[in-house]
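Enquirer: no sequence for this one, just the structure:
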């Protein structure tokens, strides 16, 4: 079987099953071979679910032969970010603190994926506890960007994005607290959906900052995001933040941009875009009217307050998680990665008054977005101001002639949607001067994932959709010295 199976979307796999052209067993074999071929260099996976996946693929194949389908993902292999429990799998949360932990049951979203017929291939690497955007760890290793093995994939869902981009799985479960789906989706050239806060259950996943955490999905195709989101979203009595509000209709998902009011928010553009990223974003903006979109400028007066507000909320809630929920800090501080340990030490300084003030500011920020959405259907913004950092120096990057923290290149663009809980979809917009993908994100009002996905789908069609990275990478793209330890 040729490599073409590895690049099929979930929708295409389901159609092939219906026609009898492929079986889940054949697809699992092809994807497993690709993982074996590539993952020693990319390092997207932390654990493979080989024997159970094989049993599930055999069962799905036999059920198809008898005309039975478990659900909308019947026989589709996918991967799970290691922050979510997968029964019987070593689920470490990307940390040395839990390096020997084996999950005793499935997270609720994993359970629903299985119920929909999905085949769990394995767990993908996360930044430690999801608190970082590089997906690198000095002892446990790091994931490499499939477009250039010397660069990070973004994070914290870097393993999920890299696995999807490299053709190892068509879909992956991920999570997003400050951009952790959209950042790696953008840098790996795939699509990612951060749903509305409370749409997808967090039960059975390790929290980072509970009021900011959003489970979501990564795929190569926007249509696949609608399939997997619809299969698992909804009320969960075990997660009191989930909503029983009905899901939106997908009837207009393929209707393009015609008649939609698309907001541009220059106050959210910070820091300034690098020239090549600016040119790519402008080219997307120029494309919108040709697709029938009505461009309108919107203002978010408190834009510069969003990142400081996010930082206070994230630090306070993460500190509570690690001191009271996990009980690991500071008693086991030396087992944390140096970056996460430093963030917890900083978080210890946040006062209750600061946290409460930040929550009040978050409410004002949400109101400003509510006002903006009175005049537009969606808001289009970049995901990052420049390209990803290197695996050799993941925490810093040169931007416009100055060395800055890599986090500062990205997070002002991605945290607004977490502070507000708004749905946002990332989609590839082009390639930068180094050949690394550049993404944009479409943000919609609460509960309107359909609008975010409709515009992302329209952009996907106009901009050419997913393009696979060179495999294997061109000579000189990486060397043994670039690799982190497994």
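Expert: That came in fine, so what should we check first? Computed from a predicted structure; not experimentally measured. Residues are numbered from 1 along each chain as shown.

Enquirer: For burial, what's the neighbour tally of residue 283?
Expert: 12 (other CB atoms under 10 Å). C-beta coordinates here come from the backbone N, C-alpha and C atoms, glycine included.

Enquirer: Excluding chain neighbours, what is closest to it?
Expert: residue 430 (6.8 Å; CB to CB, 6 or more residues apart in numbering).

Enquirer: to the chain's geometric centre, what's the distance from the helix or strand where that neighbour lies?
Expert: Using DSSP states H and E, residue 430 sits within strand 424-431. Centroid separation between strand 424-431 and its chain, computed with CA atoms, centre = their mean, to the nearest Å, is 12 Å.

Enquirer: With stretch 265-275 instead?
Expert: Relative to its chain's centre, stretch 265-275 lies at 22 Å (CA atoms, centre = their mean).

Enquirer: Most distant residue from the centre of the protein?
Expert: Centroid-distance maximum for the chain: residue 66 at 35.7 Å, with CA atoms, centre = their mean.

Enquirer: where does that residue sit relative to residue 392, distance-wise?
Expert: Taking CB to CB, to the nearest Å as the measure, residue 66 and residue 392 are separated by 53 Å.

Enquirer: all helices of the protein, in order?
Expert: 10-19, 24-42, 50-65, 108-115, 158-165, 182-188, 222-232, 275-290, 303-320, 338-347, 352-372, 406-414, 416-420, 449-463 (DSSP state H).

Enquirer: could you check the angle helix 50-65 makes with the second one?
Expert: Between helix 24-42 and helix 50-65, the angle comes out at 150 degrees (axes from the mean of the first three to the mean of the last three CA atoms, to 10 degrees).

Enquirer: So which bits of helix 24-42 are buried?
Expert: Going by neighbour count (16 or more other CB atoms under 10 Å), the buried part of helix 24-42 is 24-28, 30-32, 34-35, 37-39, 41-42.

Enquirer: now swap in the third one and tell me
Expert: By 16+ other CB under 10 Å, the buried positions in helix 50-65 come out as 52, 53, 56, 57, 59, 60, 61, 63, 64.

Enquirer: so what does it touch, helix or strand wise?
Expert: helix 24-42, strand 119-124 (3 or more CB pairs under 8 Å, 6 or more residues apart in numbering; DSSP states H and E).

Enquirer: Just the angle for that helix relative to strand 119-124, thanks.
Expert: With the same axes, to 10 degrees applied, the angle from helix 50-65 to strand 119-124 works out at 150 degrees.

Enquirer: same deal with the longest one?
Expert: Counting by the same axes, to 10 degrees, helix 352-372 lies at 130 degrees to strand 119-124.

Enquirer: where in this protein is pLDDT low?
Expert: 1, 471-486 (pLDDT under 70).

Enquirer: let's see 90
Expert: 1-3, 470-486 (pLDDT under 90).

Enquirer: related to what we said a few turns ago, for the helices and strands packed on helix 50-65, which one sits closest to residue 167?
Expert: Between residue 167 and the helices and strands packed on helix 50-65, the tightest spacing by CB to CB is seen for helix 24-42, at 5.7 Å.

Enquirer: give the contact list for residue 432.
Expert: Counting by CB atoms under 8 Å, 6 or more residues apart in numbering, residue 432 touches 274, 276, 277, 280, 386, 387, 438.

Enquirer: State the number of residues packed around the fifth one.
Expert: Other residues near residue 386 come to 26 when the count uses other CB under 10 Å.

Enquirer: correct me, but it touches residue 403?
Expert: No - assessed by CB atoms under 8 Å, residue 386 is found out of contact with residue 403, at 12.0 Å.

Enquirer: Could you pull up the contacting residues of the residue nearest to residue 205 when sequence neighbours are not counted?
Expert: Nearest residue to residue 205, sequence neighbours excluded (CB to CB, 6+ apart): residue 84, at 4.5 Å. Going by CB under 8 Å, 6+ apart, residue 84 touches 91, 107, 109, 110, 173, 175, 204, 205, 215.

Enquirer: If we use 6 Å, what do you get?
Expert: Contacts for residue 84 (CB atoms under 6 Å, 6 or more residues apart in numbering) come out as 107, 110, 205.

Enquirer: Next, count neighbours for the last one.
Expert: By the other CB under 10 Å criterion, the neighbourhood of residue 205 contains 26 residues.

Enquirer: any idea how far it is from residue 403?
Expert: 34 Å.

Enquirer: Could you do the second one as well?
Expert: In this structure, residue 110 and residue 403 are separated by 40 Å, where distance is defined by CB to CB.

Enquirer: end-to-end on stretch 117-136?
Expert: This stretch, stretch 117-136, spans 32 Å end to end (CA to CA, to the nearest Å).

Enquirer: now swap in stretch 66-81 and tell me
Expert: Counting by CA to CA, the terminal residues of stretch 66-81 are separated by 32 Å.

Enquirer: Does the residue nearest to residue 283 touch residue 437 like I think?
Expert: No - Residue 430 is beyond contact range of residue 437, at 7.6 Å (criterion: CB atoms under 6 Å).

Enquirer: Please say which of those two ends up with more neighbours.
Expert: When residue 430 is set against residue 437 and neighbours are counted by other CB under 10 Å, the residue ahead is residue 437, at 25 against 18.
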